[in-house]
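Engineer: What shape does this take:
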Amino acid sequence: MKRYEKNLIYEKKLSLWSGYPVKIEDDLDSICQCDVDFIEILMLLENAFLINLVESDKTRQDFTTIKEFIDWVESRPKMTQSFKRFKLNTLALTLRY
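Structural biologist: Model prediction:
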């Protein structure tokens, strides 16, 4: 699948979470160009991954890109299950479109 097609899938998923149209310029490294700010997107991702950053050693301000946040989630054993569910949901979206 081409990068552009993947971006469309991620844009749709983030748009559903945020309730606003989300545009990803290049990939998940970019900050989304939308009415929702970056911290709000992280809050939506926390909710989707069942993560409470208050109970972790990180704060939302520690992340400057969506990819940094996702990499951090992948490095946390307790969060891996939630992240795998997110990847499966994304895969389901990929297969649907």
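Engineer: any idea of the mean pLDDT in stretch 59-68?
Structural biologist: Stretch 59-68 shows a mean pLDDT of 77.
Engineer: Restrict it to CA atoms and write it as CSV.
Structural biologist: Output in CSV follows, covering the C-alpha atoms of stretch 59-68 (Å, rounded to 0.1, in the frame of the first residue of the first chain):
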residue,chain,number,x,y,z
THR,A,59,3.6,14.0,30.2
ARG,A,60,1.9,15.1,27.0
GLN,A,61,4.5,17.8,26.6
ASP,A,62,7.2,15.2,26.3
PHE,A,63,6.0,14.3,22.8
THR,A,64,6.4,16.5,19.8
THR,A,65,5.1,14.1,17.2
ILE,A,66,2.4,11.5,17.0
LYS,A,67,5.1,9.0,16.0
GLU,A,68,7.1,9.7,19.2
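Engineer: Report the buried residues of that stretch.
Structural biologist: Within stretch 59-68, the residues scored as buried using 16 or more other C-beta atoms under 10 Å are F63, I66. (Each C-beta comes from the backbone N, C-alpha and C, glycine too.)
Engineer: Could you find the closest non-adjacent residue to T59?
Structural biologist: Leaving aside its chain neighbours, T59 sits nearest to L53 (6.3 Å; criterion: C-beta to C-beta, 6 or more residues apart in numbering).
Engineer: pretty sure that neighbour is in contact with N47, am I right?
Structural biologist: No. With contact defined as C-beta atoms under 8 Å, L53 does not reach N47; the gap is 10.9 Å.
Engineer: Give the residue from those two that has the larger number of neighbours.
Structural biologist: Higher neighbour count among L53 and N47: L53, with 16 against 11, using other C-beta atoms under 10 Å.
Engineer: Contact partners for that one?
Structural biologist: E46, T59, R60 (C-beta atoms under 8 Å, 6 or more residues apart in numbering).
Engineer: F63 contacts F69, doesn't it?
Structural biologist: Yes. Judged on C-beta under 8 Å, F63 makes contact with F69 at a distance of 4.5 Å.
Engineer: how about CSV for the contacts of L53, with secondary structure and distance to K12 added?
Structural biologist: Putting the contacts of L53 into CSV (DSSP: H, G, I helix; E, B strand; the rest coil; distance: C-beta to C-beta, whole Å) gives the following:
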residue, secondary structure, distance to K12
E46, helix, 20
T59, coil, 28
R60, helix, 23
